[in-house]
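> fold the following.
(one chain, ligands or ions: 1)
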Amino acid sequence: MNAIETSGLSKLYRRGVGLHPLSLGIAAGEIFGFLGPNGAGKTTTIRTLLGFLHPTGGEARIFGRDVWREREAVHARVGYLPGEVHLPRDLSARELLERCARLRGTHDITYGLEVARRLELDIAPRLGTLSKGNRQKVGLVLALMPRPDLLMLDEPTDGLDPLAQETVLELLREARAEGRTVFLSSHVLSEVERVADRVGIIRRGQLVRVDELAVLTASLPQRVQVRFAAPPRVNLAALPGMAEGRTQGLDFQGLWRGGADALIRALAPEPLVSFSLVPSTLEDAFLGEYRLDEDRPDSERGGEVPHVA
Ligand SMILES: Nc1ncnc2c1ncn2[C@@H]1O[C@H](COP(=O)(O)OP(=O)(O)OP(=O)(O)O)[C@@H](O)[C@H]1O
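Now for the predicted structure:
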């Protein structure tokens, strides 16, 4: 059974579409990176998936339970970090952890204390006095403490310093190693790239691409840069597989689709000063989706909604 399964799930706001029909399956034990720019629909998707917003159409199940009709049963298995963390001002983080644990029928806050220590969060001061970054850390501790089967995290590293960001990614990898599932919404490409097994790209409320991270990056061209020692005989721009080739004096750059060996063979007879072939990043994939989008007229934007098993 998938951790998350949606079928035609959609959310229409009075002022427009928040989420186009979404059909998506997320396997238990995977980290799913959910990428999109501001206003793309990430928060709408998460809130609809958790039954905080009533879907306009379709349905969603988390561990087989309907997210709207069986909200309580769903929430018992989910740790949620909202995009904006609101906390009671007069409690300390420790008191809040104790309260949340009691609500779940336990006094055990051991893991919460461990996460707080690793994030270097002081749990003694009143929450009302905390900085934005520290409030975010409290939100993370609350989401992670019960070691839920599913973590739904809306921009989890927002406002954190680089060290704490690194710790969050480590905690997510550990959750996956324990068989737990992570839905990681973000616009920070580099962090998604470092932890996600699969990535979905959302744009204007529509899921435009879903792929394994490795497939996504392997399907992209690699950047080639060559500096020749003397005017070359080979015309790199004319090689099948080369795109956007540009020559300036003895320098060449372009985008290469294909194996490195074919390119190296073509360059073998030439005297070179330097050569580099750089694999594409998720950023390239992401920006590629947007470039594609900008190239098309409005009427053609959108297209099919992929169903992913
Ligand atoms: N309560 C609401 N009523 C009407 N429209 C809304 C509401 N909430 C969000 N929207 C609209 O739905 C679209 C998606 O917004 P959403 O907050 O889900 O995007 P997001 O990807 O989470 O963005 P961000 O990264 O800025 O948080 C936006 O156009 C937004 O203006």
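
> list the contacts of F34.
Residues in contact with F34, defined by C-beta atoms under 8 Å, 6 or more residues apart in numbering, are 42, 45-46, 183-186, 199-200, 202. (Glycine included, C-beta is placed from N, CA and C.)

> hey, what's it bridged with?
Per DSSP bridges, the residues bridged to F34 are S185, G200.

> cool, L277 as well?
Taking DSSP bridges as the rule, L277 bridges to V224.

> surely it touches L236?
No - in this structure, L277 is not within contact of L236 by C-beta atoms under 8 Å, at 12.0 Å.

> name the residues contacting each of these two.
Common neighbours of L277 and L236 (C-beta under 8 Å, 6+ apart) are V224.

> what about those two, which has more around it?
Taking neighbours as other C-beta atoms under 10 Å, L277 and L236 compare with L236 leading, 21 against 13.

> count of neighbours near the residue lying closest to the more buried one once chain neighbours are set aside?
Of all residues not flanking L236 in the chain, F252 sits nearest, at 5.3 Å (C-beta to C-beta, 6 or more residues apart in numbering). Neighbouring residues of F252 were enumerated by other C-beta under 10 Å; the total is 22.

> where does F252 land in three-state SS?
Look at F252: counting by DSSP: H, G, I helix; E, B strand; the rest coil, its state is strand.

> among the contacts of F34, which are in reach of the ligand?
Applying C-beta under 6 Å from any ligand atom to the contacts of F34, one finds that K42 fall near the ligand.

> what helices or strands is the longest helix along the chain leaning on?
The longest helix of the chain (DSSP state H) is helix 162-177. The contact analysis (3 or more C-beta pairs under 8 Å, 6 or more residues apart in numbering; DSSP states H and E) places helix 162-177 against strand 31-35, helix 110-118, helix 132-144, strand 150-154, strand 181-186, helix 189-195.

> go through it and flag the buried ones.
For helix 162-177, the neighbour count (16 or more other C-beta atoms under 10 Å) marks 164-165, 167-169, 171-172, 175-176 as buried.

> could I get the contacting residues of the residue in the stretch 151-300 of the chain positioned nearest to the ligand?
Residue nearest to the ligand within the stretch 151-300 of the chain (C-beta to the nearest ligand atom): H187, separated by 5.7 Å. Residues near H187 by C-beta under 8 Å, 6+ apart: 35-38, 42, 155.

> would you write a ChimeraX line that selects the buried entries of those?
Burial among the contacts of H187 is assessed by 16+ other C-beta under 10 Å; the matching ChimeraX selection reads:
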select :35,36,42,155
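
> considering the contacts of H187, which is situated nearest to G18?
The closest of the contacts of H187 to G18 turns out to be K42 (C-beta to C-beta; 10.3 Å).

> next one: the closest residue to that closest one other than its chain neighbours from V195, what distance?
Spatial nearest neighbour of K42, chain neighbours left out: S185 (4.3 Å); criterion: C-beta to C-beta, 6+ apart. In this view, S185 and V195 are 13 Å apart by C-beta to C-beta, to the nearest Å.

> the two: which has the busier surroundings?
A direct count of neighbours by other C-beta under 10 Å for S185 and V195 places S185 higher, at 25 against 20.

> around the ligand, pick out the residues from the stretch 51-200 of the chain.
Proximity of the stretch 51-200 of the chain to the ligand, by C-beta under 6 Å from any ligand atom, involves residues 83, 187.

> hmm, which helix or strand of this structure has the shakiest average pLDDT?
Across the helices and strands of the chain, mean pLDDT, DSSP states H and E gives its lowest value to helix 282-295, namely a mean of 63.
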